Every structure is written in C-alpha cells, then in structure tokens.
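Asker: Sequence first, predicted coordinates after that:
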Amino acid sequence: MKKSFSDCYDLVVYQIYPRSFKDSNADGVGDLCGIISKLDYIKSLGANAIWLCPIFKSPQCDNGYDISDYRDIDPLYGTMDDFDRLLAAAHEKGIKIIMDFVANHTSSEHEWFREARSSKENPYHGYYYWADRPLNDWRSEFGGSAWEYNEATGEYYLHSFAVGQPDVNWTNPKVREEYKAIVDFWVNKGVDGFRCDVLDHISKDFKKGLRRNGPHLHEYIREVFGRDHLENIYTVGEAETTTESILATCGQDRKELKSVFQFSHLAVGRRGKYTPVPHRMDEVKKILVRWQRFTQKHDLLYILLTDNHDRPWFLSRMANDRELRYESATNIAAAVFLLKGIPFVYEGQEIGCANSHYSDLASFNDVECLGYYKENEGKIPESELLERINFGSRDNSRRPFAWDETESHGFTEAKEPWLPYATRSKEINLSSDEKSEKSISRFYRALFALRGEREALRRGSFRQLKRFKRNCFVYVRENEKEKILVVCNFEKAQKISGLPEGKLLLSNARRQSGANGEYAAFECAVYELE
Ligand code: GLC
C-alpha cells in the first residue's frame, strides 16, 4: 500500500535547545518547566510541533548529545514528572513533541560503556568498537584522534565525536534490540516523533574506510523505524543528503524515515566551518530550487530550514544583520518557509537573532569550537583564531533566549546564565521586537497564519518564475483552487517586472504598488493570483 505523508505538510516545527530557552528554577540553565511556561508563545507563532534537543541524563560533554541514560531526564532539565506534564500540556494545546534520538554513540558514563570498558569478557564489551591499535587515522569531529586508549582492556575504542561519546556497535543485534526498546519506551509515553542524530553513522565499513553510509545502514533504519506500530510517528534524519541517499531513506516504499534534513544550502558563505567566503543569496536559491524540484518529482518531504543548534545564524552570514536586520530576517523567512515542505524554526530565529562577538575564550562552551581552537593554537594568530570562532562557533545560536531587555533578559533569575547572553541581546530580544514597528516575530506569525490558511502553501506545487533573473527569488505555489506568488528581492534594490498581478497578502515593507516595480533590498511580498 502506498503510504501517504500528506499530513506532515501541516507541521510547523519549533526547535528548542532546552539549556537556553527558559530557566524556571534559577540555576542559570533552561529546563522543562521553563518550556511549559512558554508553550503559549510557541503556539502563538503558529508552530504545532516542538523538537526538543536532548534532555536525557547526560554528563553534558556535548550538551546532552552524550547520553548516559536514555530513559531518564537530566536533573538539569527536571524530572520525568516534568516531562510528562510537558507532554500533556503540549498535547492539550495541539503541539506535538519530537524527541532527539542519539544512537550513534552513548556517553562514556552510560552503564553499557562502563561495563564494556571493564573487561573483554563483559557481555557489554561488544556494544562498542574496540581495536588493539587505532584501526585507521580517523579524526574525531571535535578534534584529535577518533581512537582512545582504554587501560582496563588494553584496547582503543572508537569515538567519532568527543572522547566521552564512544560509538555504539550496531552490527551487534543486541544493540539494535536496545534501541528498539528505547524508541518504544518514548512512543508508549506518547511522543510524536524523533529527530535522528547523525543517523548515517550507525553503519560503518572499516575496510573501505567508511565512517558513515556503511552497507547495513538502510537495513538498520528499517529494523528500528520500519515497524508497523511506528507508522504514524514522524521521523526526520540527520544524514548524508545526496539525492540517492534521500530516495533510499525516505522513498515511500522504503519503510525507513519520513524525512531527512538537507543542509547543502547552509554551506554557502563559508569554507569549512570557520572561514567566511564571498557569497550571494542566489546561490542558496539555486540549491533550494534543485531540492524543491527533486522532492516534488519523487513525492518526498523536504525540510525547510536555515538555522539550528549546530550553526551560527544564517542571517548574520548571508544577509544584513545590522541596518536591514528586519528586512533580511523576514525576507529569508518568506523565501524559505513558503516553499513546499516542513518549516523548522529554530528558537530565536523568529526575533532575528544575530551572531555575537566575544574576545575571550571563556565566553565559549561549544566542544566543537574549543577543539578547533586547541588544534590550531600556535598555528594561527590568536586574534584571527578568535575571529574564526566568533564566525563559526555553534555557541552563536546556543546563547540564552532573550525574552526581554532586562539584565537577565527574562531567561533566568540566576546571576549568571550557563553561557553568556548574545552580545546584542539588549537590542535583540522578544519584548523589543514585539514593541517595534518592524517586528520580525509579528511577520512570522502572519506568515505561518497565511500558510495555515492556504492549502496551496502547504500542499500545492512549486514553480519558479524569473529563473534567470539575478538577486531575487520568485515562485508560485498552487493547487486547483489557489495560486500564490512569492517575490523575494535579495541584496540590492532593483526593478522586477513581467510578473502576474494579484492581491497583496503579506509584505515586509509597506508595499503600495503591485507585484511589478521597484523592490528595496530584501523586500519581499506575497500575492494571491486570480
Ligand atoms: C549532531 C548534533 C550535534 C552533536 C553531534 C554529535 O550533529 O546535532 O549537536 O554535537 O551530532 O551527537
């Protein structure tokens, strides 16, 4: 039977980085009760699902992506009772909860690993990858060798990420049983979906030197997520995103995942993670169009996103986060979130958060950027290294959410938040935004309200207009009943003509004229066509 994913097009997902969203117990760290207190805010934006970054028990060496107990909540965030209350309160408001599923690695403090590392005979030993000497020259994503010595057994274990994140050996059927039971535990609680962390890493091929996309990847995904009772569970994978791999993972006959993120447009404007390169929004547009066509042709879900907890702000890199911050942020929202797919909004994006600038290393926490610093210390001049970290650190998007302009920004009652606030929080915070004539969050509300009202913006087809015109993105979304035109001008003011005329539905400027005419830098407008 052909499976239809059409209901997923009604989703608008709001991603929460729990540490940084809202603190309720004055310890400087965001928590579950804080999230409960802001559900109405999330709903007011038009979101109807929340993706929670990991809240499980963890020593926090990678802020929760190092899990020591998959069935418990880290005390930093609250208790299982708090979680149950969050789930119930969210459901009552029509908001789904999507959990992070981190299955490539556990924490080195997980009971499995503590047992595994104690002796070669331990039944858990085979839950991880061991070798008498480093099997290859793989580097950890966070710097240094990916192999770490373990004294008790005289062996090395593999960690693709931090030393405290040993890779789990999925070739072991017991491991797969464990993860199936973990998924079922949360599904039985009533969660609605999973975002699957670095999922393509769960199958490796040491002989071929493949750390990801190994020969058993699809078989493993199917074994866990292809089970019949998970049919209505939403899944989105973080995995390699070639057209072939997406078809293989999300094809309707595959019984694997409902969707996979595509990040290729987010690589524009930088080389590696820490070096800016010249760029234009047109490059992003080209990539988006390519994916719209591909996913449309194959009836695959596409994820609409520009930001998450792993990247500095898209707005700061790709557009003007100073005098045209409102225009840029709203233009990006219109260009991306009115395409065909599922919008994923990352906390703070809806108020136009921008990168910070700190001149001391102590203001950073991200294990990835600190690893980069360590690897390059002495090789690159200190001041340049700091510039690079300011540009590329994941901390940019992980700084506490600024709810208002007060000293602690309505985030916490503690003296200090766990990570210093963004350097522009006095200017960029929700309360100031809502008071402003140019309110980004108001635009987001209007945009998602429109998306909710117009079926064509959710399920309608995508067609690009003005394909060869530079510095703008123009497209039509339509079904049998509705036809909607989206016009996003980019960096430079210019005249756009030859467009069909229609009734103005949404604009980030006080647009007087019709669809044809002068557009200011980052002006955007949405029209209903006859
Ligand atoms: C993913 C997460 C990232 C984490 C890494 C290791 O890429 O999004 O935050 O550091 O996996 O789990």
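Answerer: That came through, no problem. Numbers count the residues shown, from 1 in each chain.
Asker: Now for the residue in the stretch 201-350 of the chain positioned nearest to the ligand, how many residues are close by?
Answerer: Residue nearest to the ligand within the stretch 201-350 of the chain (Cβ to the nearest ligand atom): residue 310, separated by 4.7 Å. For glycine as for every other residue, the C-beta is placed from the backbone atoms N, C-alpha and C. Neighbour count for residue 310, taken as other Cβ atoms under 10 Å: 17.
Asker: what residues are up against the nearest residue to it once chain neighbours are set aside?
Answerer: Nearest residue to residue 310, sequence neighbours excluded (Cβ to Cβ, 6 or more residues apart in numbering): residue 394, at 5.4 Å. Residues near residue 394 by Cβ atoms under 8 Å, 6 or more residues apart in numbering: 309-312, 366, 368-369.
Asker: Please tell me how far the residue of the stretch 201-350 of the chain closest to the ligand sits from residue 451.
Answerer: Residue 310 is 25 Å from residue 451, where distance means Cβ to Cβ, to the nearest Å.
Asker: same check, this time on residue 92
Answerer: Per Cβ to Cβ, residue 92 is found 23 Å from residue 451.
Asker: any idea where the helices of the stretch 351-500 of the chain begin and end?
Answerer: 367-376, 382-392, 430-435, 440-453, 455-459 (DSSP state H, counting those that start in this stretch).
Asker: Same question for the stretch 201-350 of the chain.
Answerer: Per DSSP H, counting those that start in this stretch, the stretch 201-350 of the chain carries helices over the ranges 217-225, 243-250, 281-297, 314-318, 325-337.
Asker: Packed most tightly, which of the ones you listed would that be?
Answerer: helix 325-337 (a mean of 25; mean count of other Cβ atoms under 10 Å).
Asker: ok and it relative to helix 281-297, angle-wise?
Answerer: Per axes from the mean of the first three to the mean of the last three Cα atoms, to 10 degrees, the angle that helix 325-337 makes with helix 281-297 is 20 degrees.
Asker: number of nearby residues for residue 75?
Answerer: Neighbours of residue 75 (other Cβ under 10 Å): 10.
Asker: A helix includes it, no?
Answerer: No. According to DSSP: H, G, I helix; E, B strand; the rest coil, residue 75 belongs to no helix; its state is coil.
Asker: ok, the residue lying closest to it once chain neighbours are set aside to the ligand distance?
Answerer: Closest residue to residue 75 apart from its sequence neighbours, by Cβ to Cβ, 6+ apart: residue 57 at 7.9 Å. For residue 57, the distance to the ligand equals 15 Å [Cβ to the nearest ligand atom, to the nearest Å].
Asker: Run through the residues that contact the residue nearest to the spatial centre of the chain.
Answerer: The C-alpha lying nearest the average C-alpha coordinate of the chain belongs to residue 308 (Cα atoms, centre = their mean; 3.5 Å). Residues near residue 308 by Cβ under 8 Å, 6+ apart: 15, 344, 346, 397.
Asker: so where's the stretch 1-150 of the chain shaky on pLDDT?
Answerer: Residues of the stretch 1-150 of the chain meeting the criterion pLDDT under 70: 1-6.
Asker: List, one by one, the residues from it near the ligand.
Answerer: Listed as neighbours of the ligand in the stretch 1-150 of the chain under the rule Cβ under 6 Å from any ligand atom: 62, 65, 102.
Asker: residues contacting the residue nearest to residue 283 when sequence neighbours are not counted?
Answerer: Distance criterion Cβ to Cβ, 6+ apart; nearest residue to residue 283, sequence neighbours excluded, is residue 268 at 4.7 Å. Residues near residue 268 by Cβ under 8 Å, 6+ apart: 279, 283-284, 287, 318.
Asker: List just the nearest of the residues you listed to residue 179.
Answerer: residue 287 (32.6 Å; Cβ to Cβ).
Asker: surely the closest one meets residue 269?
Answerer: No. Using Cβ atoms under 8 Å, residue 287 is not in contact with residue 269, being 11.9 Å away.
Asker: that older thread, what would the helices of the stretch 201-350 of the chain look like in CSV with distance to the ligand and mean pLDDT?
Answerer: Converted to CSV, the helices of the stretch 201-350 of the chain look like this (distance: least, Cβ to the nearest ligand atom, whole Å; pLDDT from 0 to 100):
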stretch, distance to the ligand, mean pLDDT
helix 217-225, 16, 97
helix 243-250, 16, 92
helix 281-297, 20, 97
helix 314-318, 16, 97
helix 325-337, 19, 98
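Asker: mind putting those in CSV, distance to residue 401 included?
Answerer: Formatted as CSV, the helices of the stretch 201-350 of the chain follow (distance: least, Cβ to Cβ, whole Å):
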stretch, distance to residue 401
helix 217-225, 31
helix 243-250, 32
helix 281-297, 26
helix 314-318, 16
helix 325-337, 16
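Asker: follow-up on the earlier one: OK, contacts around the residue nearest to residue 75?
Answerer: With contacts taken as Cβ under 8 Å, 6+ apart, residue 57 has the following neighbours: 67-69, 72-75.
Asker: Distance check, it against residue 389.
Answerer: 29 Å.
Asker: go on, residue 476?
Answerer: According to Cβ to Cβ, residue 476 and residue 389 sit 42 Å apart.
Asker: ok, the two, which is more surrounded?
Answerer: Shown here are residue 476 and residue 389; by other Cβ under 10 Å, residue 389 has more neighbours (25 against 19).
Asker: burial count for residue 517?
Answerer: By other Cβ under 10 Å, neighbour count at residue 517 equals 12.
Asker: going forward, begin numbering at 432 instead of 1
Answerer: With the count now opening at 432, the last piece we talked about shows up as residue 948.
Asker: Looks like it contacts residue 928 (just checking).
Answerer: Yes. The criterion here is Cβ under 8 Å, and residue 948 meets it with residue 928 at 7.3 Å.
Asker: what touches both of these two?
Answerer: With contacts defined as Cβ under 8 Å, 6+ apart, no residue is shared by residue 948 and residue 928.
Asker: What segments of the stretch 432-581 of the chain are strands?
Answerer: Along the stretch 432-581 of the chain, counting by DSSP state E, counting those that start in this stretch, strands occupy 444-447, 480-483, 487-488, 500-504, 527-532, 561-562, 578-581.
Asker: now could you export just the CA positions of the longest one as CSV?
Answerer: When you say that, I think you mean strand 527-532. Extracted in CSV, the C-alpha atoms of strand 527-532 (Å, rounded to 0.1, in the frame of the first residue of the first chain):
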residue,chain,number,x,y,z
LYS,A,527,3.4,17.6,19.1
ILE,A,528,6.6,16.6,20.8
ILE,A,529,9.6,15.3,18.7
MET,A,530,12.5,13.8,20.7
ASP,A,531,16.2,13.7,19.8
PHE,A,532,17.2,10.1,19.1
